[in-house]
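Participant: My questions concern the predicted model and sequence given below.
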Amino acid sequence: MERIHEGPLPWVELMASFAAQPAEGALASFAGLVRNHHQGRAVSGIRYHAHRGLAARELAAIESAIADQHGVRCALWHAVGDLAVGDCSVLVLVGSAHRAAAFAGCRDAIEAIKARLPIWKEERFADGSTAFVAGVPRAGLQKNG
Amino acid sequence: MERIHEGPLPWVELMASFAAQPAEGALASFAGLVRNHHQGRAVSGIRYHAHRGLAARELAAIESAIADQHGVRCALWHAVGDLAVGDCSVLVLVGSAHRAAAFAGCRDAIEAIKARLPIWKEERFADGSTAFVAGVPRAGLQKNG
Amino acid sequence: MRITVHCLGPAQRWFGVDELPLELPDTATVQTAIEQLLTLSPAYAETEPMLAYALDEQWADRRTPLHEGAVLALIPPISAG
Amino acid sequence: MRITVHCLGPAQRWFGVDELPLELPDTATVQTAIEQLLTLSPAYAETEPMLAYALDEQWADRRTPLHEGAVLALIPPISAG
């Protein structure tokens, strides 16, 4: 499946198909799900906007970096478009022979995604209004890259 | 499902049913899978032996401690009996509004399981022989508890 | 030269459109485009120091030269995850 | 009194059985049972300092008193996960 995926991620299926590696004893995962609240307001859904080309390339680069740095297998996906409460927006899967590397890779991957992916959340509130989430300046700019 | 479960854990189904909590934006998981190697030898499967009553009580105690200490929702399972390569032997699921607590709870839970659960791995090797894995003395003894 | 500015995420709201054509001198860089955009939107001007830029699907420097037909993407502070 | 010793995990191999009856004086504690078991298996004797014990499904101290019909579980070093 494309790393940048239109609509909610089918995370259960993605996990099941990622797992079948007989040399790996540890599978760490992180799934980001749409919450029904943010900073005290009731949220009914989120529209994810993206620079799809750059976001896909960043995900691929993060996958490679995590695999190299931690000696693990890593797969990453991020949703774009309209998601409802409970839908999966981001999925990090890390397989490893041992658990320490799996946990470290999983944690580093989600932090890199949040620091680097050109993606924007537009929240829909219970009253029908919408607003973009206040973001963070993109880290690790690879200028002219 | 009973926390101490006979046979491989149906981890994909357990994850899917654990996830449906609209207030939670973060779901961290750790699945332990039977590897096809250990300390340089080819492994064809593992038989898990347990003191079932105590192991179930320890799992429940760890769940409560993780939930209290990290302010998260936590669910734990461990398999007993015969497992083949690729089967899931242990599953940690932690749901939280935010990811830092989810990761910390997940990591602490698997460490507690490995330090405290009265469970023993008996490995089956490719040549048909079997051997118990060298264990660690149980930590945090709750004497007379 | 003529370029296209892609207004991504909240930048859509600053300019009221997804895409914006800009007419620039032939020696223009990303910085030249920024200066012209600053005159069009106070909300953009306020946030501009926190923006990144991409040119034709590659991350770009403010000194990167533009070219006829270039696509310049405005990358406001991100909220992935 | 008569108690039953449960030989869990690798302890099965030390004693060759899952369950072992022990005949002990009425004032016996877990320590009394340990001392009798030490005479039965050199492999157990070697590992004993690393063992934990459970009495009737509760973690037990070495000083915990035993009783008629008690079930004492030997908990060798563990390998959960």
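Facilitator: Ah, there it is.
Participant: residues near residue C:39, how many?
Facilitator: Residues contacting residue C:39 under the criterion other C-beta atoms under 10 Å in any protein chain shown number 9. The way it works is simple: take the backbone N, C-alpha and C, and place the C-beta from them, glycine included.
Participant: do the same with residue C:51
Facilitator: Count around residue C:51 with other C-beta under 10 Å applied: 18.
Participant: For residue A:113, see how far away it is.
Facilitator: 19 Å (C-beta to C-beta, to the nearest Å).
Participant: Now for residue 36: which residues touch it?
Facilitator: Defaulting to chain A. A:42-44, A:85, B:22-23 (C-beta atoms under 8 Å, 6 or more residues apart in numbering or on different chains).
Participant: try chain C instead
Facilitator: Taking C-beta under 8 Å, 6+ apart as the test, what residue C:36 contacts is C:22, C:24.
Participant: Would you quantify the distance from it to chain A?
Facilitator: 21 Å (C-beta to the nearest C-beta, to the nearest Å).
Participant: That residue in helix, strand or coil?
Facilitator: helix (DSSP: H, G, I helix; E, B strand; the rest coil).
Participant: Just give the closest residue to residue C:60, not the sequence neighbours.
Facilitator: Of all residues not flanking residue C:60 in the chain, residue C:53 sits nearest, at 4.7 Å (C-beta to C-beta, 6 or more residues apart in numbering or on different chains).
Participant: In a strand, that neighbour, correct?
Facilitator: Yes: counting by three-state DSSP, residue C:53 is located in a strand.
Participant: quick one on the thing from earlier: could you flag which of the contacts of residue A:36 are buried?
Facilitator: The neighbour-count test (16 or more other C-beta atoms under 10 Å in any protein chain shown) marks A:43, A:85 as buried among the contacts of residue A:36.
Participant: got the contacts of residue A:36 as TSV, with distance to chain C columns?
Facilitator: Formatted as TSV, the contacts of residue A:36 follow (distance: C-beta to the nearest C-beta, whole Å):
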residue	distance to chain C
A:42	18
A:43	13
A:44	17
A:85	16
B:22	17
B:23	17
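Participant: And the furthest pair within the contacts of residue A:36?
Facilitator: Using C-beta to C-beta, the contacts of residue A:36 span at most 13.5 Å, a distance reached by A:44 and B:23.
Participant: Using the three-state scheme, assign the closest residue to residue A:71 other than its chain neighbours.
Facilitator: Of all residues beyond its chain neighbours, the one nearest residue A:71 is residue A:101 (5.9 Å), with distances taken as C-beta to C-beta, 6+ apart. Classification of residue A:101 by three-state DSSP places it in helix.
Participant: give me phi/psi at residue C:69?
Facilitator: Dihedral pair for residue C:69: phi 80, psi 0, per degrees, to the nearest 10.
Participant: Count residues in the vicinity of it, would you?
Facilitator: 10.
Participant: I figured it hits residue C:2, correct?
Facilitator: Yes: contact criterion C-beta atoms under 8 Å: residue C:69 and residue C:2 qualify, at 7.2 Å.
Participant: Give the partner strands of the strand or helix carrying residue A:95 in its sheet and their orientations.
Facilitator: In this assignment (DSSP states H and E), residue A:95 forms part of strand A:88-96. Here strand A:88-96 has these sheet partners by DSSP bridges: strand A:26-33 (antiparallel), strand A:73-84 (antiparallel).
Participant: Contact partners for residue A:81?
Facilitator: A:6-7, A:47-48.
Participant: Helices of chain A, residue ranges please.
Facilitator: For chain A, the helices defined by DSSP state H cover A:11-18, A:52-70, A:99-116.
Participant: Now do the second one and strand A:73-84, the angle between them.
Facilitator: Same thing as helix A:52-70. Orientation of helix A:52-70 against strand A:73-84 (axes from the mean of the first three to the mean of the last three C-alpha atoms, to 10 degrees) gives an angle of 140 degrees.
Participant: what packs against helix A:52-70?
Facilitator: Secondary-structure packing of helix A:52-70 (3 or more C-beta pairs under 8 Å, 6 or more residues apart in numbering or on different chains; DSSP states H and E): strand A:4-6, strand A:73-84, strand A:88-96, helix A:99-116.
Participant: Which residue does chain C have closest to chain B?
Facilitator: residue C:81 (8.1 Å; C-beta to the nearest C-beta).
Participant: ok, that residue touching residue A:32?
Facilitator: Yes: judged on C-beta under 8 Å, residue C:81 makes contact with residue A:32 at a distance of 5.1 Å.
Participant: Those two: who's more crowded?
Facilitator: Remark: of residue C:81 and residue A:32, residue A:32 carries more neighbours, 25 against 21, as counted by other C-beta under 10 Å.
Participant: need the contact list for the more buried one.
Facilitator: With C-beta under 8 Å, 6+ apart, residue A:32 has these contacts: A:88-91, A:110, B:25-27, B:99, C:81.
Participant: so what's the nearest residue to it once chain neighbours are set aside up against?
Facilitator: The shortest distance from residue A:32 to any non-neighbouring residue, by C-beta to C-beta, 6+ apart, is to residue A:90 (3.9 Å). Residues near residue A:90 by C-beta under 8 Å, 6+ apart: A:9, A:30-32, A:76-79, A:110, A:113, C:80-81.
Participant: Span of stretch A:13-32 from start to end?
Facilitator: In stretch A:13-32, first residue to last residue: 15 Å (C-alpha to C-alpha, to the nearest Å).
Participant: cool, and stretch A:2-10?
Facilitator: 12 Å.
Participant: returning to that earlier point: output the contacts of residue A:32 as a markdown table; include the columns pLDDT.
Facilitator: Below are those laid out as a markdown table (pLDDT from 0 to 100):
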| residue | pLDDT |
| --- | --- |
| A:88 | 97 |
| A:89 | 98 |
| A:90 | 98 |
| A:91 | 98 |
| A:110 | 98 |
| B:25 | 93 |
| B:26 | 96 |
| B:27 | 97 |
| B:99 | 95 |
| C:81 | 96 |
